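1. need coordinates for the following:
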Amino acid sequence: YAEVYEPVEDHECDHRCGYIKLINAGEKLICYRCRSKDDEYGVVRYIFGLMGSINLGKRCIMIAMVGETEHDRKGLLGGDSELSEAGQR
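-> Okay, here's the model as predicted:
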């Protein structure tokens, strides 16, 4: 990629432009002019957070299957409810 990659430099951006630069898969993360009054939902901040969580090292990934609970049947979120009959199957 080094032959075709063109890094973005600060002097290339005017007041309407910003960028997020990821270096060495998260070793360094640069956010230049990422704050904006137009970004009312924090999209840039969210993307910045995701990019900062990139990790190429070995890690354990756990996947859990959860059965239906009594709270699920009643439309309640959270809590420590028992499994319903369907959730026990």
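
2. who does the helix-or-strand element of the chain with minimal mean pLDDT touch, helix- and strand-wise?
-> Lowest on mean pLDDT, DSSP states H and E among the helices and strands of the chain sits helix 43-52, with a mean of 78. Identification of packing neighbours for helix 43-52 by 3 or more CB pairs under 8 Å, 6 or more residues apart in numbering; DSSP states H and E yields strand 19-23, strand 28-32. Every residue, glycine included, has its C-beta placed from N, CA and C.

3. take those strands and lay them out in TSV including mean pLDDT.
-> As requested, the helices and strands packed on helix 43-52 are arranged in TSV below (pLDDT from 0 to 100):
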stretch	mean pLDDT
strand 19-23	80
strand 28-32	82
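
4. as TSV, these with mean neighbour count and distance to Phe48 would be great.
-> Formatted as TSV, the helices and strands packed on helix 43-52 follow (neighbours: other CB atoms under 10 Å; distance: least, CB to CB, whole Å):
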stretch	mean neighbour count	distance to Phe48
strand 19-23	14	6
strand 28-32	13	5
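
5. tell me which of the ones you listed sits nearest to Ile61.
-> strand 19-23 (21.6 Å; CB to CB).

6. now do that closest one against strand 28-32, angle only.
-> Per axes from the mean of the first three to the mean of the last three CA atoms, to 10 degrees, the angle that strand 19-23 makes with strand 28-32 is 170 degrees.

7. show me what strand 19-23 is packed against.
-> So strand 19-23, by 3+ CB pairs under 8 Å, 6+ apart, packs with strand 28-32, helix 43-52.

8. so which of the ones you listed comes closest to Arg59?
-> So among the helices and strands packed on strand 19-23, helix 43-52 is nearest, using CB to CB, at 15.6 Å.

9. can you tell me what sits against the closest one?
-> With CB atoms under 8 Å, 6 or more residues apart in numbering as the test, helix 43-52 has contacts from 18, 20, 22, 26, 29, 31, 34-36, 39.

10. quick one: the helices in this structure?
-> Assigned by DSSP state H, the chain shows helices spanning 43-52, 70-74, 85-88.

11. now mean neighbour count and distance to Glu9 too, for those, in TSV please.
-> Shown next, in TSV, are the helices of the chain (neighbours: other CB under 10 Å; distance: least, CB to CB, whole Å):
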stretch	mean neighbour count	distance to Glu9
helix 43-52	13	19
helix 70-74	14	52
helix 85-88	11	56
